[in-house]
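1. could you look at this predicted model? Sequence included:
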Amino acid sequence: MSSLSIAFFEPWFGGSHRAFLEAWGARTRHRLAIHALAPRHWKWRQESSAWELAREVDAAAPPDVIACSGYVDLPRLHGFLPRSWADRPSLMYFHETQLTYPGGESERDLTHGFSNILSAVRADRVVFNSRFHLDEFRGAADQVLRRLPRPTPRAALSDALDAAEVVPPMPELAGVPVGPGGEGPLRIAFPHRLEPDKDPMAFADALVRAASRGASFEVELLGGHPQKASPEITEALARLAPWLRNSEHIEDRARYLEVLGRCDLVASTARHEFFGVAFAEAMAAGCSPLAPGRLNYPALLADHGGGAAGTGTYLDLPDLTDRLMALASAPRLLRGAPARGAARDAVMPFDAAPSSRELDRVVEGLAP
């Protein structure tokens, strides 16, 4: 097949969204044009970006394929695009959706979730970053639509999701160097931002309990601080202070990877995670994984059968505490080539190179 032209609309050109597009752009055999906005005011971006981004291509020739992330209201985008673009097929890539963020429905604005539903219905092909995300979106959307007056797009959405594809978000794993691990006590990386959906409070609880039973460790908090931390987050950070080596976001990529490579274990207590890019990067650096047996972690760790005893997925807070105790008693087991190689090998199927080939295949299936 000859090279295709793809116009990708991204209202949140930052973080994992930007990394995804840059990784795909560097590898795709097609011509990828990115139309993007700065990553700020996310709710307003979802409301207004269709109009704002469409203005950028007002006089442009139509591409072979229109693509966008889940931050775009796709029906609105089609309405604002030039008429000459009307017959071009569209692809929607969901990094995240707005239907399942932890908290009660009173805290959740279903307007944006319903926009995700209608966008999935309008797209000619829907792609999710994990099977877990696809399944969770299907269940949450069905619950919403069942409560609405008829007619609703339940059947159309079901058809769209039955045909949906799963392509990982192209984490750059092959270029992550494998480090030697820590020195001295067990060194633990917590790669998440300090927000309630990542539950750093549970992480602090487990470490405090393990320390009270004699465990020794060091902690690298690598996700940075929120601008306005809740009292619970502030209190959790204070409880972790005796073991902290770092609690600031590391901007320099090489330095960040170096720090990961000098950790023995990457731990998660997340309650909301659609893929786990930062966690996968830590495993690529050689960190043995310790994650809850929920969200996308079972899929991410499915090939980690050769890892050190006590790593992998845990059941609950007492199980996490027990595993931290056991691993802290023998950190050397996580510093040898077998354990570090097993961690890296387990996540390499999710690397950007195979993911790019998969997304190219999806796009080629849409080409007129």
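-> On my side now, so go ahead. Since this is a predicted model, take the numbers as computed values, not measurements. Numbers count the residues shown, from 1 in each chain.

2. got a list of contacts for the helix or strand hosting residue 132?
-> Element membership for residue 132, per DSSP states H and E: helix 131-146. Here helix 131-146 makes contact (CB atoms under 8 Å, 6 or more residues apart in numbering) with 94, 96-97, 99-100, 110, 113-114, 116-117, 120, 128, 152-154, 157-158, 161, 164, 166, 274-275, 295-296, 299. Where you see a C-beta, it was placed from the backbone N, CA and C, and this is true even at glycine.

3. where does the prediction get shaky in this structure?
-> Where the chain drops to pLDDT under 70, the residues are 102-109, 227.

4. quick check: domain ranges of it?
-> Listed by automatic domain parsing, the domain ranges of the chain are 5-172+352-366, 186-350.

5. where do the strands of the protein begin and end?
-> Using DSSP state E, the strands of the chain run over residues 5-10, 31-36, 65-69, 90-94, 125-128, 165-166, 186-190, 217-221, 244-246, 265-267, 288-292, 312-314.

6. the second one pairs with which strands, parallel or anti?
-> Looking at strand 31-36 with DSSP bridges, its partner strands are strand 5-10 (parallel).

7. what about the helices in the stretch 101-250 of the chain?
-> Ranges of helices in the stretch 101-250 of the chain, per DSSP state H, counting those that start in this stretch, are 110-122, 131-146, 154-162, 200-212, 231-240.

8. find the nearest non-adjacent residue to residue 195, please.
-> Ranked by CB to CB, 6 or more residues apart in numbering and with sequence neighbours excluded, the top spatial neighbour of residue 195 is residue 226, at 5.8 Å.

9. check residue 179 too.
-> By the measure of CB to CB, 6+ apart, the closest residue to residue 179 outside its immediate chain neighbours is residue 261, 1.7 Å from it.

10. burial measure for the one you found, as a count.
-> When neighbours are defined as other CB atoms under 10 Å, residue 261 has 21 of them.

11. residue 215 - how many residues pack around it?
-> 20.

12. list the contacts of it.
-> Counting by CB under 8 Å, 6+ apart, the residues that residue 215 touches are 186, 324-325, 328-329.

13. which of those residues are buried?
-> 186, 324-325, 328 (16 or more other CB atoms under 10 Å).

14. alpha carbons only: can I get stretch 170-190 in PDB?
-> Extracted C-alpha coordinates of stretch 170-190, given in PDB (Å, rounded to 0.1, in the frame of the first residue of the first chain):
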ATOM      1  CA  MET A 170       3.700   3.400  22.300                       C
ATOM      2  CA  PRO A 171       5.900   3.700  25.400                       C
ATOM      3  CA  GLU A 172       9.500   4.100  24.400                       C
ATOM      4  CA  LEU A 173      10.800   1.000  26.100                       C
ATOM      5  CA  ALA A 174      13.600  -0.400  23.900                       C
ATOM      6  CA  GLY A 175      15.700   2.700  24.500                       C
ATOM      7  CA  VAL A 176      15.400   2.500  28.300                       C
ATOM      8  CA  PRO A 177      18.700   1.300  29.800                       C
ATOM      9  CA  VAL A 178      18.700  -1.500  32.300                       C
ATOM     10  CA  GLY A 179      20.200  -0.300  35.500                       C
ATOM     11  CA  PRO A 180      22.000  -2.200  38.300                       C
ATOM     12  CA  GLY A 181      19.400  -1.600  41.000                       C
ATOM     13  CA  GLY A 182      20.000   0.000  44.400                       C
ATOM     14  CA  GLU A 183      22.700  -0.300  47.000                       C
ATOM     15  CA  GLY A 184      21.900  -1.100  50.600                       C
ATOM     16  CA  PRO A 185      18.200  -1.200  51.600                       C
ATOM     17  CA  LEU A 186      15.500  -2.200  49.100                       C
ATOM     18  CA  ARG A 187      14.900   0.800  46.800                       C
ATOM     19  CA  ILE A 188      11.300   1.300  45.700                       C
ATOM     20  CA  ALA A 189      10.100   3.500  42.800                       C
ATOM     21  CA  PHE A 190       6.600   5.000  43.000                       C
END
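
15. just the buried positions in it, please.
-> The neighbour-count check on stretch 170-190 (16+ other CB under 10 Å) flags 170-173, 176, 178-179, 181-182, 186-190 as buried.

16. turn the residues you listed into JSON lines, columns for distance to residue 269.
-> Output for the buried residues of stretch 170-190, formatted as JSON lines (distance: CB to CB, whole Å):
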{"residue": "170", "distance to residue 269": "26"}
{"residue": "171", "distance to residue 269": "21"}
{"residue": "172", "distance to residue 269": "25"}
{"residue": "173", "distance to residue 269": "23"}
{"residue": "176", "distance to residue 269": "23"}
{"residue": "178", "distance to residue 269": "25"}
{"residue": "179", "distance to residue 269": "23"}
{"residue": "181", "distance to residue 269": "22"}
{"residue": "182", "distance to residue 269": "20"}
{"residue": "186", "distance to residue 269": "17"}
{"residue": "187", "distance to residue 269": "17"}
{"residue": "188", "distance to residue 269": "12"}
{"residue": "189", "distance to residue 269": "13"}
{"residue": "190", "distance to residue 269": "8"}
